[in-house]
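Chemist: let me see the structure of the following:
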Amino acid sequence: MERPEEGKVTKNQEKRWEDEPRKLRILVPIDGSEMTDLVVKRSGQFTRWADAELTLLVVIEDVVSHKEIPSTPIYEEKKKVAEKILRKAKKDLNDHGVECKTRIAAGPVAEEIVRIAEEEGFHGIFMGSRGLRGLKRMLLGSVADDVVRYAHCPVLIIR
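Modeler: Below is the predicted model of the structure:
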């Protein structure tokens, strides 16, 4: 992943600005962790307040890239889990009067979130942080850290 230059406008940003006015588009990556419910609730509240478009995203990892999605029993099982996570989150939002789109992607999680946000012209990303600490965080990094570092748009971390 390449980090965008500070203060430099990307082609997708320029295109989005030309298309204004239109609804604010928010990407909300979720993973079914304990943080998911809070992220869905907060992003739903914002979406309703701002009359924005919300897209829920689950990224299936352990795939080399989005171009090499396997058709294996392990992948199919992970896809079923992703669909279940999205169904629950979408129902929670719909129960509170918030419409949303859903999406499943495959590949390295942070890279896929950043790629989809930029390629599809999202205006912002709302996501949770698992709060990894100390040596574990130094060695492994975190998805949220990488998304904040490489995303072309603002990222709101919900804790």
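
Chemist: can you name the residues bridging to residue 26?
Modeler: residue 54, residue 124 (DSSP bridges).

Chemist: check contacts around it.
Modeler: For residue 26, the contact set (C-beta atoms under 8 Å, 6 or more residues apart in numbering) comprises 43, 46, 47, 52, 53, 54, 55, 122, 123, 124, 125, 126. In this view, the C-beta of every residue, glycine as well, is placed from N, C-alpha and C.

Chemist: now do it, the pLDDT please.
Modeler: At residue 26, the model reports a pLDDT of 98.

Chemist: then residue 62?
Modeler: 68.

Chemist: which residue is nearest the centroid of the chain?
Modeler: residue 29 (2.8 Å; C-alpha atoms, centre = their mean).

Chemist: just checking, it touches residue 127?
Modeler: Yes. Contact between residue 29 and residue 127 holds when scored by C-beta atoms under 8 Å: they sit 5.1 Å apart.

Chemist: now list whatever residues contact both of those two.
Modeler: 113, 143, 147.

Chemist: what's the closest of those to residue 37?
Modeler: residue 143 (17.7 Å; C-beta to C-beta).

Chemist: could I get the full set of strands for this protein?
Modeler: Along the chain, counting by DSSP state E, strands occupy 25-29, 53-60, 101-106, 124-128, 155-158.

Chemist: of those strands, which is nearest residue 85?
Modeler: strand 53-60 (5.4 Å).
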